[in-house]
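J.: sequence unknown, structure follows:
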């Protein structure tokens, strides 16, 4: 391994002894071989570090947090330690297909130096080993407002960003309990071109019921989206109406699914009289009903 590899693969992990081998092996099996794999163990006590050491590949560099500090703290440690020109993130329960990095580098080379960010499509792997079909979103170019308005790129595991761009935006936001990928893309997309490899090159593990996943922790989901919404309120005046509507529509659904009445009301109130047209009013009504059902279901256990 060279001291300055082309790609640094950053793998944050916490209590993933059962899945990290598969994830890291998918990085090591890439057709791009000029890479390093920077694993950051965020305070696990389940033998995750032993699994990583057991892989015995000199391209792996392992760093450890003494206490659990959160996914973005682990990503930032990985970014700080990375030596590559390009940074590619891989969550420790996800899986890359072998040509993932090669195809992203090729796409970025085709686009030229104005482009410092590339993502791929992904599908969702369920606990039973089956897959949900991918959401095929193609948002490319410079200063795309839809990348601020909604989490169109999805999981960190699809992303490749130049180290220079990551440093320019100040890395990841350590304050967010959720929506970390969305927030990062929203900032990156404002300083560099975004392109996509329109192929499924990542298997994202859904992990229903996993207590260590952000998406299974209601308080984190609500708090993260609340923080994102309040940041977006500062951006909405400069965004096209269609993107603002799509953003509010999405956030209302998220809060309804969590039974978060206060936050759902906050987003609905933010529409104002002019924004609450019949279609949006109908959506709001459905979301309040959904929130009520979620709340009743939670009370019943």
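T.: Okay, I see it. The structure displayed is predicted, hence computed values, not measured ones.
J.: all helices of this structure, in order?
T.: Taking DSSP state H, the helices of the chain run over residues 20-28, 48-54, 71-81, 100-111, 146-149, 163-168, 180-188, 218-235, 241-257, 261-270, 272-275, 278-300.
J.: out of those helices, the one nearest residue 94 is which?
T.: Of all the helices of the chain, helix 20-28 sits nearest to residue 94, with 6.0 Å by C-beta to C-beta. Where you see a C-beta, it was placed from the backbone N, CA and C, and this is true even at glycine.
J.: quick one: mean pLDDT for that closest one?
T.: The average pLDDT for helix 20-28 rounds to 97.
J.: of the helices of the chain, which is nearest residue 40?
T.: helix 71-81 (4.1 Å).
J.: residues touching that closest one, excluding its own?
T.: With C-beta atoms under 8 Å, 6 or more residues apart in numbering as the test, helix 71-81 has contacts from 8, 10-14, 38-42, 61, 63, 65, 87, 89, 91, 156, 163, 166, 171-174, 176, 180, 214.
J.: and that helix, how far out from the chain middle?
T.: In terms of C-alpha atoms, centre = their mean, to the nearest Å, the centre of helix 71-81 is found 14 Å from the chain centre.
J.: ok, and for it, which residues are buried?
T.: For helix 71-81, the buried set under the neighbour-count rule, 16 or more other C-beta atoms under 10 Å, comprises 71, 72, 73, 74, 75, 76, 77, 78, 79.
J.: repeat that for stretch 104-118.
T.: Across stretch 104-118, burial judged by 16+ other C-beta under 10 Å covers 104, 105, 107, 108, 111, 115, 116, 117, 118.
J.: neighbours around residue 18, how many?
T.: Using other C-beta atoms under 10 Å, residue 18 has 13 neighbouring residues.
J.: distance of it relative to residue 77?
T.: To residue 77, residue 18 is 22 Å away according to C-beta to C-beta, to the nearest Å.
J.: likewise for residue 245?
T.: From residue 245 over to residue 77 the distance is 38 Å, taken as C-beta to C-beta.
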